[in-house]
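**Student:** here's a sequence, model it:
(2 chains)
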Amino acid sequence: MGLLSDPNRRRALISLLTRLNSPICVVCYMAGVAWFMGLAFEPFTLRTYMSENAMGSTMVEERFPAGERALTTGREFSAHKKKAGGMPVDWLVKTMQARGLEVFTQRFSRKLPFPDENKERYMVKGTNVYGILRAPRAPRTEALVLSAPCTPGDSNNQAVGLLLGLAQYFRNQIYWAKDIIFLVNEHDLIGMQAWLEGYHHTNTTGMDWSPLQGRGGSIQAALSLELSSDVITSMDLVLEGLNGQLPNLDLANLFYAFCQKIGVLCTIQGKLQRNDWDSVSGYSHSVQTMMLMVMKQASGRPWGDHGLFLRYHIEAASIKGINSFRQYKTDVTTIGRLLEGMYRKLNNLLERLHQSYFFYLMPSLSHFVSIGYYMPAFGLLAVILLLRALDLWVQLVSSPGVLSVLTPLVISHLTGVALYTLPIQFQEMAVEQFPVSETEAVVLTAIGYNVFLFIYIGWRVLKLVAVLYLAVLLGCTALINFSLGFILALTLVPVAAFVTPHVPKVLSAFILVILSPACTLLFSVFFFQELQELPVSFQEGWLLYLSVISQGILDHFLYGSLVYPLIALLVYPCWLLFWNILFWK
Amino acid sequence: FNKTLKLLMLNQWLTVRCVLIPRLKSPGVKRRFRIYSSALLVLQWLTNKDYKGGERFLVKMAAPLTLLVILSVTIRAVLYRSSLAEVISERVEVVSPLTAWKRVVEGLALLDLGVSPYSGDVFHETPLIIYLFHFVVDYAEITFMLADVITAVALYMAVMDYNKQVFRKQKYALEADRYPLDCLELIRSPKEMYYIPLKVAMFYLLNPFTILSCVAKSTCGLNNAVIALFILTTIKGNVLLSAIFLSLATYQSIYPLTLCAPALLYLMQRQFIPVNFRRVSFWWFIAQYAFMYLGSLFVIVGLSFFLLGSWDYVPSVYGFILSVPDLTPNIGLFWYFFAEMFEHFRLFFLCVFQINVFFYTIPLSIKLKEHPVFLIFMQLAVISIFKSYPTVGDIALYMAFLPVWSHLHRFLRNIFLVSCVLLACSALFPVLWHLWIYAGSANSNFYYAITLLFNVAQILLVSDYFYAFLRREHHLSYGLYLKRKDGSEATLVLK
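**Tutor:** Numbering: from 1, shown residues only, chains lettered A, B, ... in the order given. Next comes the predicted model:
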């Protein structure tokens, strides 16, 4: 408290901070970036460990024998799927009933706000089929979910086959204390959304679905299975859910533990873990893995069918079988045993998974970075804004007028509202008049709305407000979705720090545009492709960029992803404020 | 004529003094002189017995106030009609178990069924509130908007009156030559004081905290109205009404009891009764006030008993406030602490926590004996920080007073830090609540950390104003540019 009450020491500190403001800011920025890059360095990370006692200490023995039969069922499913031209509802109901499950179906339909070009759908109609295996050992108050999507084409048949095989095997075991729900969902996330809303009696997105006829207890955990080949080389774990939410780390630990036990190669972000952390290539490998996780999390979209479960406090992950050119193959029986082991451990849970971390980044499947380690990286970036604000405050001579600051704030926010509403409003009209594809129409209306604003007020006051606004905004974003907050901070903080009316206009305007949220997204698209080792040409990258934007808008309207409104309603107006400051006269 | 002559003479004398004294031959002299002469002009104007000026003054100020009221009512009415109203009324920062509208509705339903509204541990407001809403439940929105407007207007009038007194006092001090010469820049000019009452009303009506509280129909708005009326009547010097409103406020939420100290100090100051324990007149006045206060409290309590036909409400309202059984998270300090505590320490810590609100009254009233209105501000802040179920509506009430102390800005040290923290915390409350309750990924510690930070910022804010106030008073009696004994520049340190 001495600092707060002793005027001499305060004065000394403040003069130090204002005199050395720019160097300190530069150092903070460097330190923030360096800290973040350091997170992937293995000695700085923690090894994962199982925190949940109920899953840690008990032994289970996996005995699932019927991999071959599961594959046969999968082929049968594929044939029926082709015949029905979609979900073979009757066959699935019959097959599940034959395996002794209580089977129910749910119909749903949804009209998308605009046609989705990636998946070629506009009016979506489908049926979910699910069977409940009632727990023989407990009062059916809790449930686990195993789901497999029914996708058009030849993919994922093996997943459904394995699901049915597991259902048959699980039915004969006596140790289940939780209901197990086997769900085959159509139209991937839309079907999942309908089913989850029906299960929990909520309707957040205005979707049409028929109510569920049968329910289990409250769902404790869920796994979504994607498997498209008879043998696989490795299993990939997908954690990133809606709005960058992650399941409890114990779920990842569980998966990792069983892969180790059974001897299945396991990956995260499609990257195997390596042991040579002290070599440059080993380090860059883990940086790539972590960056991929950061990019996926920042996108705020669910990266697998599990992504929507997280919203209902259900820990969920997707497991994908990957078949590459590696020699070592794993058959479906082994995958079945892996899943059996995981479900038996989950069956032992006494309460929801809550012991381990919810905020983490994973540079490899066996190591993680917790919130306490990665937040300083963001904090170092955010402190730049506070230092700039302090500097401005000290320079401020007259007290600011409220109205003068209010005008640009209101105008830039109205622009943000326009950016949020116009793409959907105008894309229909644009499509009628111009022979451009729908996606591009959406995006062009979005980008074309970049209005330059010129307002004449004291720029220091405006900048003080803008900097504080940005600091609070980024802080809140980083708490909800660290990756998004960090990426935005990485690009917006330098802009916020250096923009004044006295810097060279053309150059700064160029930098401002380069570091705008839209360009950040464009770079992120290229960077993401680079990380996935699928580099694209500029033309393809641009198309990808457009489709990413339309996907983001769709995610918002279909599942309630928050990234699009956040960018349009808050980040973009904030960026406009800095644009204002630059062109202040 | 006599008075004008005197003032003119004073004016000339001051001019001479300003010019002659060599120490003031600085570039600031002209500015200071201008301030001085304008102060004198307004002194003339204020002491003028011709009431036309006063009326014009009222008319001139009433128009912006009306506009302000219309604007704020519009904002509230729009928000009532939007889908936000439902979201806001569920926020724990805005409504507490005491003030939630949902609970009032439940109490009304029970009352209509002929059951005591206090059965079932849902409703905790006082019987007068429930009987009030028994009649106006269909006009609840209007009632809450009206309460806000009443609060704002009462504060407006109170501050206007208070400013006049401050000015008069300053005039007497100037005439008596009590201020040191280098304090001219500390003297408040009428120009800057002119808009203070309007700013107070604006700070209350347009404060997002008040708007949220009103849109959520938190009964906190009604309590604020009662306290504002108490402040108005006190400042107007009406002893009886002051006692009645104080008893009403106490009846509503106990804690305003501590406001009796500033009220007594103020009223005694006004009636020129010295604060001296050996004087009979001092004790006689306290006895009078206590009699009026207790009498009206007795009437109100009796009325509640007869309305309800039972004493149910005493444990359910006052027991609820004092023993803090409901640990729903809020922006206060109680919930987390008592959720973590071992049961057998509970009583002890309850006493420790509750005594916080009442304890500061004694040292503060000794220190601020001469400045009861500032003491009211301090007390309101202390209540809203340390009370058991605080909401943002309580904070809005004491924040409305901040423009009154705008002349202290040059002595404030942490205002930037504090306003940043308050701003950030207000944004972080809903975010961390979302992470804790909806996403399930954070936990109560995150939320409580922000609560703690929020309260620390409030305490810093209040202590900063306290320090600034004392420092200004110190300068007014010892001069602005203090020297140490060895001649170097001195700094004031609060210890």
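**Student:** what about the helices in the stretch 451-585 of chain A?
**Tutor:** A:459-480, A:482-498, A:505-514, A:517-531, A:538-559, A:563-565, A:572-582 (DSSP state H, counting those that start in this stretch).
**Student:** give me the number of residues near residue B:370?
**Tutor:** 12 (other Cβ atoms under 10 Å in any protein chain shown). (C-beta placed from N, C-alpha, C; glycine too.)
**Student:** and the closest residue to chain A within the stretch 51-200 of chain B, helix, strand or coil?
**Tutor:** Going by Cβ to the nearest Cβ, chain A is nearest to residue B:199 of the stretch 51-200 of chain B, at 10.2 Å. What DSSP: H, G, I helix; E, B strand; the rest coil gives for residue B:199 is helix.
**Student:** what does residue A:111 give?
**Tutor:** Classified using three-state DSSP, residue A:111 is strand.
**Student:** was I right to think it contacts residue A:123?
**Tutor:** Yes. Between residue A:111 and residue A:123 there is a contact under Cβ atoms under 8 Å: 5.5 Å.
**Student:** and these two? Which one has more around it.
**Tutor:** Taking other Cβ under 10 Å, residue A:111 and residue A:123 do not tie; residue A:111 has more neighbours (12 against 9).
**Student:** quick check: residues of the stretch 151-300 of chain A near chain B?
**Tutor:** A:245-246 (Cβ under 8 Å from any Cβ of the partner chain).
**Student:** where do the strands of the stretch 151-300 of chain A begin and end?
**Tutor:** A:179-186, A:208-209, A:218-226, A:231-232, A:234-238, A:265-268 (DSSP state E, counting those that start in this stretch).
**Student:** format these as CSV; extra columns: mean pLDDT.
**Tutor:** Listed next are those as CSV, based on pLDDT from 0 to 100:
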stretch, mean pLDDT
strand A:179-186, 91
strand A:208-209, 88
strand A:218-226, 92
strand A:231-232, 88
strand A:234-238, 92
strand A:265-268, 89
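**Student:** in a markdown table, list those strands along with mean neighbour count.
**Tutor:** Shown next, in a markdown table, are the strands of the stretch 151-300 of chain A (neighbours: other Cβ atoms under 10 Å in any protein chain shown):
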| stretch | mean neighbour count |
| --- | --- |
| strand A:179-186 | 25 |
| strand A:208-209 | 16 |
| strand A:218-226 | 24 |
| strand A:231-232 | 20 |
| strand A:234-238 | 22 |
| strand A:265-268 | 20 |
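**Student:** dump those strands into CSV; add distance to residue B:480 as well.
**Tutor:** As requested, these are exported to CSV (distance: least, Cβ to Cβ, whole Å):
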stretch, distance to residue B:480
strand A:179-186, 76
strand A:208-209, 74
strand A:218-226, 69
strand A:231-232, 82
strand A:234-238, 68
strand A:265-268, 67
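**Student:** nearest to chain B, out of the helices of the stretch 451-585 of chain A?
**Tutor:** Per Cβ to the nearest Cβ, nearest to chain B of the helices of the stretch 451-585 of chain A: helix A:459-480, 4.6 Å.
**Student:** least trustworthy helix or strand in the chain by mean pLDDT?
**Tutor:** Assuming you mean chain A. Every helix and strand of chain A was ranked by mean pLDDT, DSSP states H and E. The lowest is helix A:438-447, at a mean of 51.
**Student:** cool, and chain B?
**Tutor:** Per mean pLDDT, DSSP H and E, bottom of the list for chain B is helix B:2-20, a mean of 51.
**Student:** residues contacting the residue lying closest to residue B:222 once chain neighbours are set aside?
**Tutor:** Once flanking residues are discounted, residue B:222 sits nearest to residue B:147: 5.0 Å by Cβ to Cβ, 6 or more residues apart in numbering or on different chains. Contact analysis of residue B:147 by Cβ atoms under 8 Å, 6 or more residues apart in numbering or on different chains lists B:214, B:221-222, B:224-225.
**Student:** rerun that using 6 Å as the cut-off
**Tutor:** B:221-222, B:225 (Cβ atoms under 6 Å, 6 or more residues apart in numbering or on different chains).
**Student:** sec struct for it, please.
**Tutor:** Secondary structure, three-state DSSP: residue B:147 is helix.
**Student:** got a pLDDT number for it?
**Tutor:** Looking at residue B:147, its pLDDT reads 94.
**Student:** how about residue A:123?
**Tutor:** 84.
**Student:** how close does it sit to residue A:87?
**Tutor:** 16 Å (Cβ to Cβ, to the nearest Å).
**Student:** ok, residue B:288 next?
**Tutor:** For residue B:288, the distance to residue A:87 (Cβ to Cβ) stands at 85 Å.
**Student:** ok, those two, which is more surrounded?
**Tutor:** residue A:87 (22 against 14).
**Student:** does that one touch residue A:129 like I think?
**Tutor:** No. Using Cβ atoms under 6 Å, residue A:87 makes no contact with residue A:129, being 7.1 Å away.
**Student:** the helices in the stretch 201-350 of chain B, which residues?
**Tutor:** B:208-215, B:220-236, B:239-253, B:260-270, B:280-308, B:313, B:320-323, B:334-340, B:346-359.
**Student:** residues in contact with residue A:552?
**Tutor:** A:563-564.
**Student:** what do you get if the cut-off is 8 Å, keeping everything else the same?
**Tutor:** A:299-301, A:561, A:563-564.
**Student:** is the residue in the stretch 301-450 of chain A that chain B sits nearest to part of a helix or strand, or is it coil?
**Tutor:** Of all residues in the stretch 301-450 of chain A, residue A:358 sits closest to chain B, at 3.5 Å by Cβ to the nearest Cβ. Assigned state for residue A:358: coil (three-state reduction, three-state DSSP).
**Student:** identify the residue spatially nearest to it, adjacent ones excluded.
**Tutor:** Spatial nearest neighbour of residue A:358, excluding adjacent residues (Cβ to Cβ, 6+ apart): residue B:441 at 3.5 Å.
**Student:** quick check: which ranges of the chain have low pLDDT?
**Tutor:** By default, I'm working from chain A. Within chain A, the set of residues satisfying pLDDT under 70 comprises A:1-7, A:57-58, A:397-404, A:425-458, A:584-585.
**Student:** right idea, wrong chain: chain B
**Tutor:** B:1-61, B:483-495.
**Student:** pull up the residues of it that are close to chain A.
**Tutor:** For chain B, the residues in contact with chain A (Cβ under 8 Å from any Cβ) are B:409, B:413-414, B:416, B:420, B:423-424, B:427-428, B:431-432, B:434-435, B:438-442, B:460, B:467, B:491-494.
**Student:** alright, I will stop here.
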